[in-house]
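Asks: return atomic coordinates for the entry below.
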Amino acid sequence: MHAFNLHLVPLGLADRLADMAVDALIDEADLSPKPALVDRRGSGAHSDLHLGLMHASALSLWPAFRAMAESAHGRGVIDLPLREALGQHGRDGEADMLRTTAGVNTHRGAIWALGLLVAAAALDPDDLAAESVTRRAARLAALPDCFATHTRSHGVEVAQRYGARGAREEAQLGFPAVMNKGLPQLRASRKAGAGEQNARLDALLAIMSTLVDTCVLYRAGPAGLEAMRRGADAVLAAGGSASLAGRRRLHELDQQLLALNASPGGAADLLAACLLIDRLEQGDTPRSLG
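Replies: Got it, this is the predicted structure:
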């Protein structure tokens, strides 16, 4: 059959939501210049990561995101069986990711955040307002998963050492760093004419300005966290990423975090969540599994 005679089959809800989650991860990875993070310039503060690996990792998670959406849509209610199904899909996705990256943790935190949001969207695709989606995600995150294994992680270690709130608690609270900082800044910068890439950088900086980023805490302690937050505030106060003064401050922040070996990976995961929530609210998804 000639290629021009092929008919495209419309994507169903689960496929489209998985596409959107993977797109959000790839858009986050590609965004440049991000302070001390992997982007189109290089590997940032990571010796074991590069942009191609981030892309491959994101793509490897598509089946897990699709499975989460299907489970949520099929179940139709927020309950313990759904939470446990999502947990298993997340663990399967993490195993696929680690096989793809030869054991490098590229997106463990993002699987948790975006998986919850994909499931929350699939539960009620007729109500994709940001507040509604994050509220449903928070209810899912609050449920226990008795099949989860309690392995030692950097996030757990940091939480015990500093009493910091991690990715789990951020989701249980309805993603306040996204809803109160990232998403409002993304839309304010767009409205001001900053351009999409600068608006996304500003959203990342807004998240960084208040987030207790456990990745930074693990690598650089409280001093590194303070440097990240103050530096992000300084960029926005100087006019944001679209201004010359803001770009100077952004370069200074990048250099400072690189010197501290402090990569704001938690903020990066939440930026991907922010981009996904933004797209969901714009209604760019079908209404049935098709």
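Asks: Ala119 reaches Gly74, doesn't it?
Replies: No. Taking contacts as C-beta atoms under 8 Å, Ala119 lies outside contact range of Gly74: 10.9 Å. (Each C-beta comes from the backbone N, C-alpha and C, glycine too.)
Asks: give me the phi and psi angles of Gly42.
Replies: Backbone torsions for Gly42, taken as degrees, to the nearest 10, come to phi 170, psi -160.
Asks: how about it, nearest residue that isn't a chain neighbour?
Replies: His50 (7.8 Å; C-beta to C-beta, 6 or more residues apart in numbering).
Asks: please save the CA atoms from the strand or helix carrying Gly246 in CSV.
Replies: Under the criterion DSSP states H and E, the helix or strand holding Gly246 is helix 244-260. Listed next in CSV are the C-alpha coordinates belonging to helix 244-260 (Å, rounded to 0.1, in the frame of the first residue of the first chain):
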residue,chain,number,x,y,z
LEU,A,244,19.3,40.6,29.5
ALA,A,245,19.7,41.2,33.2
GLY,A,246,17.8,38.0,34.0
ARG,A,247,20.0,36.0,31.6
ARG,A,248,23.1,37.3,33.4
ARG,A,249,21.6,36.2,36.7
LEU,A,250,20.7,32.8,35.2
HIS,A,251,24.3,32.3,34.0
GLU,A,252,25.5,33.2,37.5
LEU,A,253,23.1,30.7,39.1
ASP,A,254,24.2,28.0,36.6
GLN,A,255,27.9,28.6,37.5
GLN,A,256,27.2,28.6,41.2
LEU,A,257,25.2,25.4,41.2
LEU,A,258,27.7,23.7,39.0
ALA,A,259,30.5,24.6,41.4
LEU,A,260,28.4,23.1,44.2
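Asks: and that helix, what's buried?
Replies: 246-247, 249-250, 253-254, 256-257, 260 (16 or more other C-beta atoms under 10 Å).
Asks: same deal with stretch 190-204?
Replies: Result for stretch 190-204 [16+ other C-beta under 10 Å]: buried residues 190, 194, 198-204.
Asks: save these as a markdown table, and put in secondary structure, distance to Thr149 and pLDDT too.
Replies: Formatted as a markdown table, the buried residues of stretch 190-204 follow (DSSP: H, G, I helix; E, B strand; the rest coil; distance: C-beta to C-beta, whole Å; pLDDT from 0 to 100):
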| residue | secondary structure | distance to Thr149 | pLDDT |
| --- | --- | --- | --- |
| Arg190 | helix | 41 | 97 |
| Ala194 | coil | 43 | 97 |
| Asn198 | helix | 41 | 98 |
| Ala199 | helix | 39 | 98 |
| Arg200 | helix | 35 | 98 |
| Leu201 | helix | 36 | 98 |
| Asp202 | helix | 38 | 98 |
| Ala203 | helix | 33 | 98 |
| Leu204 | helix | 31 | 98 |
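Asks: can you lay out those residues as a markdown table showing distance to Ala137?
Replies: Compiled in a markdown table, those are given as follows (distance: C-beta to C-beta, whole Å):
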| residue | distance to Ala137 |
| --- | --- |
| Arg190 | 24 |
| Ala194 | 28 |
| Asn198 | 28 |
| Ala199 | 23 |
| Arg200 | 21 |
| Leu201 | 25 |
| Asp202 | 24 |
| Ala203 | 18 |
| Leu204 | 20 |
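Asks: tell me which stretches of the stretch 151-290 of the chain form helices.
Replies: 154-162, 167-172, 176, 183-191, 196-208, 214-237, 244-260, 265-281 (DSSP state H, counting those that start in this stretch).
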